[in-house]
Structures are given as C-alpha cells and as structure tokens.
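Student: Sequence first, predicted model second:
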Amino acid sequence: MGTFLEEVNEKIDGVPIQGCYHCRKCTAGCPIAFAMEYNPNQIIKMIQMGMRDRVLNSSTIWLCASCETCVTRCPNDVDIARMMDALREMAIESQVDVKEKNILKFHEAFLSSVKMGGRINEPMMIAHYKLKSGDLFSDLGVGLSMFMKGKLSIFSPKTKDIKSVRKIFEETKG
Amino acid sequence: MKVSYYPGCSLHATGKEYDESVKAVSRALEIELKEVDDWSCCGASSAHMTNYKLSVALPARNIIAAEKDGMDVMVPCAACFNRFKMAQHHLKENEALKAEVEGIIGEKYQDSVAIRNPIDIIYNDIGIDKLGEKATKKLEGLKPVSYYGCLLLRPPDVCEFDDYENPYMMDGIMESIGAESRSWSYKTDCCGGSLTLGKTEIVVNLVDKLMRMAREAGANCLVCACPVCFANLDMRASEDVRLPAFYFTELLALAMGLEGPESWFKMHNVDPRPLLKSLALI
C-alpha cells in the first residue's frame, strides 16, 4: 500500500484529493461543521499531509450526514462525501477506537436488522440500538406513543428470499 | 398510468402516513401502483457509510426485480430514491463493479427502468392543472414552507431532479391545491438525517433552526417528502419553536376530499389538527 493519500484516492476512485485548493466552500456549506472536531477541508489537508491516525480517530468522519452539499458546490468536483464514506470504511477495517461509538452502533444495528429480515424491522432495530448503546431511556415517551398509534408494528413483513439478501452481505464483506 | 412501487422499510412503520397517503393520492389520480416483487432494504445511510459495495448491491437487487416489470419505479422515500439513483450511477460508470454485483445477485442489470419520486411524477406526468381541478377543497389559510431536504436533489448529476439550490415543484403542487407556499432560504438544508438516534443534539439544533426560519418566513407549517425528515421535524423540534409538519401527499389527499387524512394526522407527534380546525379545513 502507498501513502494514506494514495489509499484514500484509490478508494474514492474519482477526482483525487490533491484537486482541492482549499476554497473552503465545503466547510462553509456543511450543516454539521459547527459540531465537528475538524472541518471537512481540514480533513482533506490532513490526508494530504499523511496524518492517518488523526483522521481515522476523529469524530468528524462519523458526524458527516452525507447531505452532499459539499459535493454539489466543490468547484473542483472533489467527492468529499464519498471521501468521508471511505474514511469510515478504513476506520472500521483498521479497527481504530471509533470516536463516535453510538453512530457506528446505529449502523451496525441497522444492517443487522436488514440481514435478519431483508427489511428493517424498525422497533426491533431501535431496541437493538438502544441496548447496544446503553442509551435506554431517551425517546421512551415518543417511542411508546408511536407504538400505540400503530407506527411501530413488531410484525412487519420480511423479504421471502432472505437468502439472496444474506448472500449480498456475505460477498461484499470487507 | 401504471408504475412500479417501492415503499421501502420506513413507509411500513414510522412513515406509515406517507405510504397510505401516496397510495390514496395515486388512486385518485389514476396512477396504478404495482409493488416491486419481494423487495428488500435499499441500505439507506448505514450501508454506504460503512461498506461501498454493499451500498450498491442492496439497491441493485431491487432495481433488477423492478426491471422484470418493465415500468418506471415510484420511490417515495428520499433516502431510497437517492440510493437507487446512486446505484444506477455507479453501475453505469464502473463496468467491473457492475459485473461483480451481477455475479453476486445472479442476474443481469439492464439499466432499463427510471427511478422517480412522487413529486416528479405528480408534477410532470399528472400536471398541476389537473391537480388543481381535483382539489375541490382548496387549503386556504394554510401557509407551508416546502422542505425538500438533501437526498431528493443532491448530487444533482445523480438525482436529476428539480433546481438543486432553489427547487420549486413541491411549492407548485402546494399552490395548486390552494395553500400559500411561503418563500424561504432553507428548502434544501439538512435536518441531520440518520444522526437522529446516534447524535440527537445535532438534529435538535438543525431542526430548531428550520422551525425558527419557517416562522420567520410567515409559515404555519412545513411540508416534506421524506420519512426521516418528517420524523425529525415531527419529533425533534423544541416545544417553543415547533410547527406541525406534513407529508405533501397528506395535504393533497385533504384537498381532494379523500378518505384517510384524519387518521394520518392522529399519528403525528405534533398534532396538526388544531391548526387545520382553526382554518376550517377539517
């Protein structure tokens, strides 16, 4: 494997990160920048400088909501949202101590629900996430009210050919 | 007209009002819906945020199933819509990926059906003139801001839908049923999406801002077309700024005098019925 920069460029397979000249339009339009440890353009600079550990251990890569505003506005067509996806994958593969643990736990609960039934069973998925994260009591009121209104049916239909869905999971494993 | 229908996971649960109102409105507008056979989850945010190939293969399985019916696919959920369009985009650009995905699913991907959202189908195929005729009960006094969110529009070369900085189709639909669509600069600002469980405080911050800006624009409600946006607008806004939110199809059903709106409104967290009663719309 080459440098961190080369690794990221290979994963995003589009305009290379060096295409960024730091106009900071991405950061200016990012709805989550206010809560991020490093701004999107700072992450790009850090990749250019080979700061692998700092980037993969940051909270920024997990807080990105993939709203695609950065991608839409970048004058050089750098796919920043795809870069964030790639960094998340690399953080998981490298088994770093993920900074925003609850966010990763949410993704794991979500995907495990898909693997189980082909479709999300929302109440089961949410319960699974709550148990994993230990965040048991927030949303109890709202959750109960949704259940009573019939919006959280435990018996939602599943995909019949579940084998085909599980095969997709098996064969796309990193 | 007849189209394939991909409801997605949320529409069967937290987005129930959207599923039921889309179906009611489609019936009234003579759009016949045929649900995609044995569909599975599109992967939403969690797939692409953790595994690129998974995020293309999961939607591809459904597109390939829909291709068998040979019709355009109506996808109401903005996240599902976006993931389907992204999958089509990547499968077109990357031959090696396409071959790999076909190998996993065991069938060829033809790239033969168009993925469309209901705003597009209603605005372009039905037309707002016909909508205006069918809306026998004009929603006078209702002043929505149209909230499009992120995934219907961005990235523009993937979604190919409406103006991506200042969209107008949902506004046009609202005007055609007699509502006064309020102008505002936050049509496409993010609600925080899937961070709603893992980082709730960010979503509260973003949704409260939307609510404050909606009020500043003179609106008395918000209208949207995505189950995650709706859940966030409906459940995460602070009490002192919140306004009721609607799926655009709920308001269409109300204006067309269809059965269902009152049962859907009961399911909202922020009850819209006081507002509608005060305007004599229910």
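Tutor: Structure received.

Student: For residue A:97, pull up the helix or strand it's in.
Tutor: For residue A:97, there is no enclosing helix or strand under DSSP states H and E.

Student: so who does the closest residue to it other than its chain neighbours touch?
Tutor: Leaving aside its chain neighbours, residue A:97 sits nearest to residue A:57 (6.8 Å; criterion: CB to CB, 6 or more residues apart in numbering or on different chains). No exception for glycine: its C-beta is placed from N, CA and C like everyone else's. Residue A:57 sits next to A:91, A:96-97, A:99 when contact means CB atoms under 8 Å, 6 or more residues apart in numbering or on different chains.

Student: Sort out which of those residues are buried, if you could.
Tutor: The neighbour-count test (16 or more other CB atoms under 10 Å in any protein chain shown) marks A:91, A:99 as buried among the contacts of residue A:57.

Student: which among the contacts of residue A:57 gets closest to chain B?
Tutor: residue A:91 (9.5 Å; CB to the nearest CB).

Student: can I assume that closest one sits in a helix?
Tutor: Yes - judged by DSSP: H, G, I helix; E, B strand; the rest coil, residue A:91 forms part of a helix.

Student: Next, the contact list for it, please.
Tutor: A:56-57, A:61, A:98.

Student: Next, see if stretch A:124-136 gets close to chain B.
Tutor: Yes - using CB under 8 Å from any CB of the partner chain, stretch A:124-136 reaches chain B at A:126, A:129, A:133, A:135.

Student: Now do the buried residues in that stretch.
Tutor: Within stretch A:124-136, the residues that qualify as buried are A:124-130, A:132-133, counting by 16+ other CB under 10 Å.

Student: Could you list the low-confidence segments of chain A?
Tutor: Applying pLDDT under 70 to chain A flags residues A:1, A:174.

Student: 80 instead, please
Tutor: Residues of chain A that meet the criterion pLDDT under 80 lie in A:1, A:137-138, A:140-156, A:174.

Student: Which residue ranges make up each domain of it?
Tutor: With domains defined by automatic domain parsing, chain A comprises A:4-93, A:101-171.

Student: Once you drop chain neighbours, what's closest to residue 50?
Tutor: Since no chain was named, I'll use chain A. residue A:4 (4.9 Å).

Student: Wait, chain B was what I had in mind.
Tutor: Per CB to CB, 6+ apart, closest to residue B:50 is residue A:107, 5.2 Å.

Student: Likewise for residue A:118?
Tutor: Distances taken as CB to CB, 6+ apart place residue A:159 nearest to residue A:118, at 2.4 Å, with adjacent residues excluded.

Student: Surely that neighbour and residue B:37 touch.
Tutor: No - taking contacts as CB atoms under 8 Å, residue A:159 lies outside contact range of residue B:37: 10.1 Å.
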